[in-house]
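> 3D model of this:
(one chain, ligands or ions: 1)
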Amino acid sequence: MKVSEALKSRITCRAFLDKPVPEETVRQILDEAKYAPSGGNLQPWHVYVLTGARLNAFLGIVAEKQKDAPFGEGTEYDIYPKGLTDPYKARRFKCGEDMYATIGVTREDKAGRLQQFARNFRFFDAPVAMFFAIDRQMGLGQWSDLGMFIQSAMLAAREHGLHTAPQEAWAIWHKTVSEFLAMPEELMLFCGMGLGYMDERAPINNLRTDRAHSEWRFLKDACKFRSSRVQRRGLRYGGMTQTSTWIALTIAAAAFLFGGLAPARADGIVPDPGAAAAPALLQEAQWGYHSEQDDARDAVRSGRVISPGQAKQAALSRFPGKFLDMSFGGQTYHVKIRTPDNRVVVVAVDAVSGRVVGAR
Ligand SMILES: Cc1cc2nc3c(=O)[nH]c(=O)nc-3n(C[C@H](O)[C@H](O)[C@H](O)COP(=O)(O)O)c2cc1C
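Next up is the predicted model:
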């Protein structure tokens, strides 16, 4: 199955067939999902899997508790932000309405709604139940990593012909879940997930939720980045007084040595790969990821790439005059100089050889 097919065919399955999933397949899915990325490779996910008799025993406990407390025991985190505003509020509302419409449950039918809500706590009859937890010391970034792991598991499931139902609803039974699973104190439950074969005939599985299509913000021709300016042709730099810009130019010059890095980091937002690399790498340096900045410096120190200062000197030695500004694009520095006879020349200096390769 192609990734695009897995992405498009994954839906939240709210009715599963009574058909077991081999344990080996479950293990394979989790083993595949573990290749999900995580900041600093923290891999902050913790996964518990329940099947068979253990799952039934657990569901029995929850069903018993539900009789007295249909809305559970409170959550440890807000499933949705308080005071959620549009467009998010409207999307949430529509998703709920569309879901109930598939099973003919009206807004007024409170009992019908509660019944459907309660099906969450049977994992919609999935034969495999998972719980995802995270260490309490983790912050927003790591919660996002956990989300990537979960989505990876959901996509891997598709390749195995399986469907999934991620369920934050389980957060309302966090104490019961933690207790049953004997989760260590430091772990906090994020959500549950049902896994199994979809019941294609169940009307609720006909739900296809909307997607907003127009929210991408492509910054195509110019991208402001702190003191530096990224333009179509490369990274321009005027004053030579600001350290961050200096580092950006150096890193831009070094970036093309690390094949594929620039386009991968640019995510297609800025069209010129050489130009895109510098801000991406500079941002990493500012966020505390020093390795690529160090790599760039090493590349300059070891002579694999010349520094902006060396490029400036090389240009000025061939075209004496007043240095105006410089930019980097492709693998070439472009140094702008005003000559004594008041001409402006742009001198091209190869970043690897350090040689002047042209002027206009
Ligand atoms: C982290 C997470 C938690 C969710 N929790 C629930 C849940 O408790 N119950 C439920 O019916 N759907 C739940 N959903 C499913 C969403 O409603 C669903 O993903 C969304 O409406 C988009 O529809 P789709 O998954 O079919 O594409 C959850 C989804 C995610 C990603």
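
> Could you list the buried residues of the helix or strand containing Ala315?
Ala315 is part of helix 308-318 when elements are defined by DSSP states H and E. By 16 or more other C-beta atoms under 10 Å, the buried positions in helix 308-318 come out as Pro308, Gln310, Ala311, Lys312, Gln313, Ala314, Ala315. C-beta coordinates here come from the backbone N, C-alpha and C atoms, glycine included.

> which stretches of this protein form strands?
With DSSP state E as the criterion, the chain has strands at 46-51, 128-135, 163-167, 187-196, 223-225, 228-231, 234-237, 322-329, 332-338, 344-350, 356-359.

> And those strands: which comes nearest the ligand?
strand 163-167 (3.6 Å; C-beta to the nearest ligand atom).

> Is the closest one in proximity to the ligand?
Yes - Strand 163-167 lies within reach of the ligand by C-beta under 6 Å from any ligand atom, at Pro166, Gln167.

> what sits up against stretch 19-32?
47, 49, 51, 127-128, 152-153, 156-157, 159-160, 162, 195-197 (C-beta atoms under 8 Å, 6 or more residues apart in numbering).

> Kindly recompute the last result at 6 Å.
Here stretch 19-32 makes contact (C-beta atoms under 6 Å, 6 or more residues apart in numbering) with Pro127, Val128, Ala153, Ala156, Ala157, His160, Gly196, Tyr197.

> how close does the first one sit to the ligand?
Going back to what we said before, that points to Pro127. Counting by C-beta to the nearest ligand atom, to the nearest Å, the gap from Pro127 to the ligand is 18 Å.

> And for the fifth one?
From Ala157 across to the ligand, the span is 13 Å (C-beta to the nearest ligand atom).

> OK, contacts around that residue?
Here Ala157 is in contact with Ile29, Thr164, Leu195 (C-beta under 6 Å, 6+ apart).

> Mind checking which of those are buried?
Taking 16+ other C-beta under 10 Å as the criterion, what is buried in those is Ile29, Thr164, Leu195.

> Could you measure from Val26 over to Met130?
Counting by C-beta to C-beta, to the nearest Å, the separation of Val26 from Met130 is 8 Å.

> go on, Leu181?
Distance from Leu181 to Met130, by C-beta to C-beta: 11 Å.

> Quick check on the two: which one has the bigger neighbour count.
Applying other C-beta atoms under 10 Å to Leu181 and Met130 shows that Met130 carries more neighbours, namely 24 against 18.

> For that one, give me its contacts.
Met130 neighbours (C-beta under 6 Å, 6+ apart): Val47, Val49, Met193.

> In PyMOL, how would I select the buried members of these?
Burial among the contacts of Met130 is assessed by 16+ other C-beta under 10 Å; the matching PyMOL selection reads:
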select buried, resi 47+49+193
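
> Turn the contacts of Met130 into TSV, columns for distance to the ligand and pLDDT.
Output for the contacts of Met130, formatted as TSV (distance: C-beta to the nearest ligand atom, whole Å; pLDDT from 0 to 100):
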residue	distance to the ligand	pLDDT
Val47	14	98
Val49	17	98
Met193	8	98
